[in-house]
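K.L.:
3D model of this:
(one chain, ligands or ions: 1)
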Amino acid sequence: MTTGTRTLGTTGPQVSALGLGCMGMSALYGGADRAESIATLHAALEAGVTLLDTGDFYGMGHNELLIGEALRAAPAAHREQALISVKFGALRDPDGAWAGYDGRPAAVKNFAAYSLQRLGTDHIDVYRIARVDPDVPIEETVGAIAELVERGYVRHIGLSEVGAETLRRAAATAPITDLQIEYSLISRGIEDEILPTARALGVAVTAYGVLSRGLISGHFTPDRQLAAGDFRSFSPRFQGDNLRHNLDLVEALRKIAEQKGVTVAQIAIAWVLSRGEDIVPLVGARRRDRLAEALGALEVRLDQADLAAIEEAVPVGAAAGDRYPSAQMAHLDSER
Ligand SMILES: NC(=O)c1ccc[n+]([C@@H]2O[C@H](COP(=O)([O-])OP(=O)(O)OC[C@H]3O[C@@H](n4cnc5c(N)ncnc54)[C@H](OP(=O)(O)O)[C@@H]3O)[C@@H](O)[C@H]2O)c1
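P.N.:
Got it, this is the predicted structure:
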């Protein structure tokens with residue numbers, strides 16, 4: 001199978017049409033199997049996936065160490081083609097509690113120094129703050145990353161979950177390759193203003209949550225037991241009546257998937273792929289079978305009739321519940 005490629009904005013690198021989001025291998029979705037995570041990373045590289053997404057706060061460094069270990073054990077050709085996208089800035093307590101964001105220039109350089117060590121690389125391909133630090137103008141945070149670019153420690157600058165105005169201010173400070181932001185059949189908030197702004201600025205979108213954290217994967221069942229600390233145990237979309245309503249949408253999607261002889265997850269990923277060549281879905285596979293399913297989406301062709309049927313099954317705004325709990329919604333510059 002070939003994954004095909006897409007380009008990250010007017011100034012960024014070519015990447016595989018699907019990226020691998022590694023968060024769930026370390027955090028937020030309950031326990032993950034370390035050996036299977038590494039096998040999944042290797043299978044992704046083998047299949048031609050070049051974009052690996054992580055955050056220094058995913059398991060407090062665990063995810064970067066895992067990626068570093070997987071890359072060291074991978075064939076040189078695969079290692080050399082890997083592009084690592086790192087988010088920084090989220091502060092944690094020793095017990096894992098979230099403690100705000102730090103986008104001060106000195107902190108940016110400090111975060112980068114630690115990430116380079118954990119990843120075992122001499123540069124980070126795309127570097128971005130996970131959430132805007134409300135106390136630090138975005139120009140200062142992006143300016144600090146631009147300095148790291150000049151010094152060769154970072155290749156490209158990205159953004160995460162910012163709104164149109166912040167996107168414009170950041171792009172006026174330094175070239176921005178991509179905006180990482182949630183985008184899926186049931187999270188279409190970027191379509192009115194943020195996506196057109198990104199397009200006008202030549203900034204790509206790396207879309208996360210294309211399966212809405214598993215909710216629209218076709219594998220999530222109402223009786224699924226979630227581990228303590230699993231994001232989904234406090235995400236509004238996974239609670240009570242909201243969950244029942246949202247899983248009804250999945251059943252409507254399943255009918256379309258079955259008619260096409262593909263899976264629900266493949267329809268959901270293929271739909272995001274169909275939204276533009278400047279959009280690169282990050283899939284959160286942490287097992288080889290899930291990865292294989294996700295990669296299968298690259299073979300799915302959605303014609304106008306398919307797209308109309310999908311829109312009818314899951315109209316804009318169809319989901320019940322916000323995409324984050326209210327305290328976390330408040331950190332989203334993209335939701336202002
Ligand atoms: N910038 C940001 O604010 C931000 C926020 C969140 C995530 N991200 C990045 O985006 C990446 C993707 O996000 P995500 O993990 O929430 O997205 P996702 O791909 O929507 O959800 C992943 C979940 O879907 C389940 N799933 C079921 N079938 C799958 C399949 N065929 N392929 C992949 N997953 C399948 C997984 O299953 P199992 O439970 O069976 O493993 C996992 O729990 C993350 O890893 C992270 O790198 C960025």
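K.L.:
mind listing the helices for the chain?
P.N.:
Remark: helices assigned in the chain by DSSP state H are 34-46, 62-73, 76-81, 105-119, 138-150, 164-173, 194-201, 240-260, 264-273, 288-296, 304-313, 326-329.
K.L.:
just checking, what packs against the third one?
P.N.:
When contacts are defined as 3 or more CB pairs under 8 Å, 6 or more residues apart in numbering; DSSP states H and E, helix 76-81 sits against helix 34-46. The C-beta positions use only the backbone N, C-alpha and C, and glycine is treated the same way.
K.L.:
What is the distance between the helix it packs on and the centre of its chain?
P.N.:
How far helix 34-46 lies from its chain's middle: 18 Å, per CA atoms, centre = their mean, to the nearest Å.
K.L.:
Low-confidence stretches in the chain?
P.N.:
1-2 (pLDDT under 70).
K.L.:
Please see if stretch 93-110 touches the ligand.
P.N.:
No - judged by CB under 6 Å from any ligand atom, stretch 93-110 and the ligand are separated, with a smallest distance of 11.5 Å.
K.L.:
That stretch: which residues count as buried?
P.N.:
Judged by neighbour count using 16 or more other CB atoms under 10 Å, the buried positions of stretch 93-110 are 101-103, 105, 107-108.
K.L.:
repeat for stretch 169-177
P.N.:
Within stretch 169-177, the residues scored as buried using 16+ other CB under 10 Å are 170-171, 173-177.
K.L.:
and this protein, which residues reach the ligand?
P.N.:
With CB under 6 Å from any ligand atom as the criterion, the chain meets the ligand at residues 21-24, 29, 53, 87, 130, 160-161, 180, 208-214, 217, 219, 265, 282-287, 290, 293-294.
K.L.:
For PyMOL, what selects the buried ones among these?
P.N.:
Buried subset of the residues of the chain next to the ligand, written as a PyMOL selection, criterion 16+ other CB under 10 Å:
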select buried, resi 21+22+23+24+29+53+87+130+160+161+180+208+209+210+211+212+213+214+217+265+282+283+284+285+286+287+290+293+294
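K.L.:
okay, the helices of the chain, which one's buried deepest?
P.N.:
Mean neighbours per residue, mean count of other CB atoms under 10 Å, is largest over the helices of the chain for helix 264-273, with a mean of 24.
K.L.:
Which residues are in contact with the most centrally placed residue in the chain?
P.N.:
Among the residues of the chain, the one closest to the centroid is residue 208, at 3.2 Å (CA atoms, centre = their mean). The contact partners of residue 208, taken as CB atoms under 8 Å, 6 or more residues apart in numbering, are 21, 53, 180-183, 282, 284.
K.L.:
what about 10 Å?
P.N.:
19, 21, 23, 53, 160-161, 180-184, 187, 281-284 (CB atoms under 10 Å, 6 or more residues apart in numbering).
K.L.:
Now do the phi/psi pair for the residue of the stretch 201-336 of the chain found nearest the ligand.
P.N.:
Nearest residue of the stretch 201-336 of the chain to the ligand (CB to the nearest ligand atom) works out as residue 284 at 2.1 Å. Dihedral pair for residue 284: phi -90, psi 40, per degrees, to the nearest 10.
K.L.:
which ones are touching it?
P.N.:
20-25, 28-29, 53, 208-211, 213-214, 217, 290-291, 294.
K.L.:
can you do 6 Å?
P.N.:
Residue 284 is in contact with 21, 24, counting by CB atoms under 6 Å, 6 or more residues apart in numbering.
K.L.:
again, but for residue 223
P.N.:
No contacts exist for residue 223 under CB under 6 Å, 6+ apart.
K.L.:
circling back to that earlier point, which pair of the buried residues of stretch 169-177 spans the longest distance?
P.N.:
173 and 177 (13.6 Å; CB to CB).
K.L.:
any common contacting residues for the two?
P.N.:
Counting by CB under 6 Å, 6+ apart, residue 173 and residue 177 have no contacts in common.
K.L.:
wait, residue 111 sits on residue 87?
P.N.:
No - using CB atoms under 6 Å, residue 111 is not in contact with residue 87; the gap is 9.5 Å.
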